[in-house]
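> Need coordinates for the following:
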Amino acid sequence: MSSDLSIPASVEQHPQKTSLRSVPVDRENGSDTGWVNMDVQFLVTKDQLGSRHSVFGYSVMPPGSRHESHRHPNAEETIFIISGSGVYRIGDDWVAMHPGDVALVPPDVTHGFWNTSDTETVVMAWTYSGAASLEDAGYIHITDGRS
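Numbers count the residues shown, from 1 in each chain. Sure, this is the predicted structure:
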């Protein structure tokens with residue numbers, strides 16, 4: 001290893017950087033749009049950081065909360081479970097999800113997530129690819145009785 005290597009000076013603030021501490025929880029969406037008792041933060045979007053093709057978010061879901069069935073024709077979605085467990089609807093399947101699990105949903109496929117625990121909070125990171133906002137993704141809440 002070379003001793004000539006030095007770490008460049010760094011900055012705390014940058015136009016392409018944000019944090020959970022500085023992005024408010026989304027209060028525009030609620031149970032009427034299928035977001036039942038959950039906190040969602042849109043960390044990377046076209047409005048937040050100038051993204052052109054992706055969204056990155058963070059959700060906290062207390063016991064019993066859910067993101068009801070929905071789809072977005074213009075974006076695929078990936079979720080990563082950080083803590084807690086639940087079930088993720090992907091099309092007609094309900095998939096058990098645990099810490100460390102990742103799932104991908106293609107564009108326009110119905111999906112949703114339920115925290116099925118009575119005691120554990122689910123924390124997840126997620127991303128849309130192909131759209132830079134919820135609106136661009138074409139979010140459609142599905143009220144089929146199987147949310």
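> where does the protein dip in pLDDT?
1-3, 144-147 (pLDDT under 70).
> Look up phi and psi at the spatially most central residue of it.
Geometric centre of the chain, nearest residue: Trp126, 3.3 Å, by Cα atoms, centre = their mean. With angles defined as degrees, to the nearest 10, Trp126 sits at phi -150, psi 160.
> Settle this for me: it is touching Phe80, isn't it.
Yes. With contacts counted by Cβ atoms under 8 Å, Trp126 reaches Phe80, the gap being 6.9 Å. Backbone N, C-alpha and C define where each C-beta goes, glycine included.
> How about the contacts made by Val23?
Applying Cβ atoms under 8 Å, 6 or more residues apart in numbering to Val23 gives the contacts Gln41, Phe42, Leu43, Gln48.
> neighbours around the residue nearest to the second one when sequence neighbours are not counted, how many?
Taking Cβ to Cβ, 6 or more residues apart in numbering as the measure, Phe42 lies nearest to Gly57, with 5.1 Å between them; neighbours along the chain are not counted. Using other Cβ atoms under 10 Å, Gly57 is surrounded by 21 other residues.
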